[in-house]
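Novice: sharing a model prediction with you, sequence too.
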Amino acid sequence: MKKDDEIIQRRSLMTGVGAAALAGLVAGGMPATASAQSGNAGFTPARHDEDAWFDVPGVTHRVFIDSASAQGGQDALRFAFNIMNAHQAAYAGSDADYAMVVCYRHASTPFGYGDALWEKYGELLNRRMNLTDPTTKATPVRNINNISGGPFSGATIDAMVARGVRFAICAMATRGMAGLIAGETGQQTDAVFNEIVAGAIPNARFVPAGVMGATRAQEYGYSLLSAG
């Protein structure tokens, strides 16, 4: 047999093997090894008592809106507002269909603190946020996410709490803020931390770290939305 004929026969054999393999994939689906590599087959996340609050029975949608900046902390409320309004308008749904969590972490963390804390420590809370009260044009001495007015007048903390929105507040960032306040005011960090926890906004829960809250929420089936 000539050398050229041998090459042609080998190519024909390889082509036949490839066609047979392809036919097998079409007939029987992807091999088990490829299927396992394509997803999280067999993965079950661990459950912890500290995260049980994420599991809300009876809802049909779960959304976790993450924020890590001053602007993101304001937008997060507006995103929740828009999602729930659109659900009512376009799907004839209700607020009760949603497990909606807004997360305040990193630079947005002080949005999780109530007005009394802002009145007492506003200058220190605002150091990283650089906010201005829209009414007084001065450093805020109240939580400006609870001020009505403008195109998002219904997107205040109190209004969204009334609609069932819950808040996750970063305990790690809060501990850092407590240390800052303690250093500036001559108090103990633990005492300031406990004061902040007691003075948090309604419907809020301190999570060990906001970034961890974002990951654990996804393990409970929440869609993750970043507000910046």
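Specialist: That came through, no problem.
Novice: going forward, measure contacts between C-alpha atoms and count neighbours the same way
Specialist: OK.
Novice: can you give me the strands for the chain?
Specialist: 61-67, 98-104, 166-170, 204-207, 223-226 (DSSP state E).
Novice: and stretch 165-178, end to end?
Specialist: 26 Å (C-alpha to C-alpha, to the nearest Å).
Novice: same question for it, mean pLDDT?
Specialist: Per-residue pLDDT over stretch 165-178 has a mean of 98.
Novice: low-confidence ranges in the chain?
Specialist: 1-41, 150-151 (pLDDT under 70).
Novice: report the central residue of it.
Specialist: Nearest residue to the geometric centre of the chain (C-alpha atoms, centre = their mean): D66, 3.4 Å.
Novice: correct me, but N145 touches G72?
Specialist: No: judged on C-alpha atoms under 8 Å, N145 makes no contact with G72 at a distance of 11.4 Å.
Novice: these two - which one has more neighbours?
Specialist: G72 (21 against 18; other C-alpha atoms under 10 Å).
Novice: list the residues that contact that one.
Specialist: By C-alpha atoms under 8 Å, 6 or more residues apart in numbering, the contact list for G72 reads 108, 227-228.
Novice: among the residues you listed, who's most crowded?
Specialist: Result: S108 is most packed of the contacts of G72 (other C-alpha under 10 Å), 26 neighbours.
Novice: distance check, that residue against Q88.
Specialist: Counting by C-alpha to C-alpha, the gap from S108 to Q88 is 28 Å.
Novice: burial count for G93?
Specialist: G93: 14 neighbours (other C-alpha under 10 Å).
Novice: surely it touches H87?
Specialist: Yes: if you go by C-alpha under 8 Å, G93 and H87 touch, sitting 5.4 Å apart.
Novice: how about the helices in the protein?
Specialist: Shown for the chain, the helices assigned by DSSP state H span residues 3-28, 32-37, 70-91, 115-125, 157-162, 171-185, 189-198, 210-219.
Novice: so which elements touch the fifth one?
Specialist: Judged by 3 or more C-alpha pairs under 8 Å, 6 or more residues apart in numbering; DSSP states H and E, the packing partners of helix 157-162 are helix 70-91.
Novice: list the contacts for T139?
Specialist: Residues near T139 by C-alpha under 8 Å, 6+ apart: 122-123, 126, 131-133.
Novice: and these, which two are furthest apart?
Specialist: Largest separation among those by C-alpha to C-alpha: E123 and D133, giving 11.9 Å.
Novice: report the set of residues contacting both of the two.
Specialist: Taking C-alpha under 8 Å, 6+ apart as the contact rule, E123 and D133 both touch 139-141.
Novice: quick one: the residue nearest to A107 when sequence neighbours are not counted from I196, how far?
Specialist: Among residues not flanking A107 along the chain, S69 sits closest, at 4.7 Å (C-alpha to C-alpha, 6 or more residues apart in numbering). Look at S69 and I196: by C-alpha to C-alpha, they are 19 Å apart.
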